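Colleague: I'll drop the sequence and a predicted model, then ask my questions.
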Amino acid sequence: MADSMAFVIILVLIALVFDFLNGFHDSANSISTVVSTRVLPPRYAVFWAAFFNFAAVLFIGVKVAKTIGIGIIHPGIVDNILILAALGGAIIWNIITWYFGLPSSSSHALIGGLIGAGFTKGGVDVLIWSGITKTSLFIILSPMIGLILGLTLMILTLHTRKNSDVAKSNRIFRKLQLLSAAVYSLSHGMNDAQKTMGIIALVLYSKGLLGPTFHIPFWIVFLCYSVIALGTMFGGWRIIKTMGTKITKLRPMGGFCAETAAAISIIGASIAGIPVSTTHTITGAIVGVGASHRLTAVRWGIAGSIIWAWILTIPVSALISAVIYAALQIML
């Protein structure tokens, strides 16, 4: 069963379930600011975000997908059971964090899943430390970059608008926030949809279905962008509440600065082929915007619980995938 073509198809479908959940889980990242500032009602915001998630198919290559496919564990040890366990670990962690309303990283859950299943099968030698180190480093760097950019943009914006009345500024930034939300959703699609592309391509490559060289066919690219956009349309409302209202109170100016800061960070990482957490980046940017007013404007207790979810994502998803892999080895 584990070596049949039917099982390969099942794995591709499970990877697409992860892709859908990625969009569902991370829709909060794309729309929480425009919803909390009342620039768009939720039912329109999810369509806005989903459209630009998909539109990313036109703008960037597949460097991030290749990092996931051949940059975390050695592709030579990959089999169907390993991929099933890795996806299982990532999906279970995504559901747990969605249930508790915690904006954790779907990307790091997937990477943790690959590490856990890969280590259980082949030991430490199958892990590609350069890719793991680069990705792990950005657990710290991506929210810090988002925070610094969000803080800087907010301070500069406040300075340029210091002689304008609040009502006029809100009118201007309500319009600008539509643009910033679109660019942020575009950046989210650029980075996150590629992670599922990498997994599907890895499955097919391990079976010799992509030829001698690892690459990402366009049909995989199109399919993954479509599914992540569909997931975004359904929206993870529990997380939207945390992102949009619990960390700090946002107004249109702050929403614009947070989305712009996060988009700059994520687009830069996508061009470099680094699978960053869009969740970490936008959260850092929101904290930076809140801190530009005063440090007490940020609810640090909520921020602390989010940070714990970030820290635990890779090890817990790795542990879950390791248990799943061991169980599947016995069952199959």
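Modeller: Happy to help now that I have it.
Colleague: gap between Ala85 and Leu110?
Modeller: 12 Å (CB to CB, to the nearest Å). Backbone N, C-alpha and C define where each C-beta goes, glycine included.
Colleague: let me fix that: Ala56
Modeller: Using CB to CB, Ala56 is found at 18 Å from Leu110.
Colleague: more neighbours, the two?
Modeller: Leu110 (32 against 24; other CB atoms under 10 Å).
Colleague: for that one, what are its contacts?
Modeller: Residues in contact with Leu110 (CB atoms under 8 Å, 6 or more residues apart in numbering) are 18, 68, 86-87, 90, 195, 199, 317.
Colleague: now with 7 Å?
Modeller: 18, 86, 90, 195 (CB atoms under 7 Å, 6 or more residues apart in numbering).
Colleague: Where does the closest residue to the second one other than its chain neighbours sit, in terms of helix or strand?
Modeller: In space, Ala86 comes closest to Gly113 once its chain neighbours are excluded; the distance is 3.6 Å by CB to CB, 6 or more residues apart in numbering. Of the helices and strands defined by DSSP states H and E, Gly113 is found in helix 106-122.
Colleague: what does Trp219 give?
Modeller: helix 218-234.
Colleague: Report all helices and strands that that helix contacts.
Modeller: Helices and strands touching helix 218-234, by 3 or more CB pairs under 7 Å, 6 or more residues apart in numbering; DSSP states H and E, are helix 5-36, helix 42-55, helix 166-206.
Colleague: next one: it to chain centre, how far?
Modeller: Put simply, helix 218-234 sits 14 Å off its chain's centre (CA atoms, centre = their mean, to the nearest Å).
Colleague: by how many degrees do that helix and helix 166-206 diverge?
Modeller: Following axes from the mean of the first three to the mean of the last three CA atoms, to 10 degrees, one obtains 140 degrees for the angle between helix 218-234 and helix 166-206.
Colleague: any residues touching helix 218-234, and which ones?
Modeller: With contacts defined as CB under 7 Å, 6+ apart, helix 218-234 is touched by 16, 19-24, 27, 30, 46-47, 49-50, 53-54, 56-57, 62, 189, 192-193, 196-197, 200-201.
Colleague: Stretch 112-129 now?
Modeller: 71-74, 77, 82, 85-87, 89-90, 132, 313-315, 317-322, 325-326.
Colleague: So what's the gap between stretch 47-54 and the chain middle?
Modeller: The answer for stretch 47-54 is 15 Å, by CA atoms, centre = their mean.
Colleague: Could you pull up the contacting residues of the nearest residue to Pro252 once chain neighbours are set aside?
Modeller: In space, and not counting its chain neighbours, Pro252 is closest to Phe173: 3.7 Å by CB to CB, 6+ apart. Going by CB under 7 Å, 6+ apart, Phe173 touches 252-253, 256.
Colleague: of these, buried ones?
Modeller: Neighbour counting over the contacts of Phe173 (16 or more other CB atoms under 10 Å) leaves 252-253, 256 as the buried ones.
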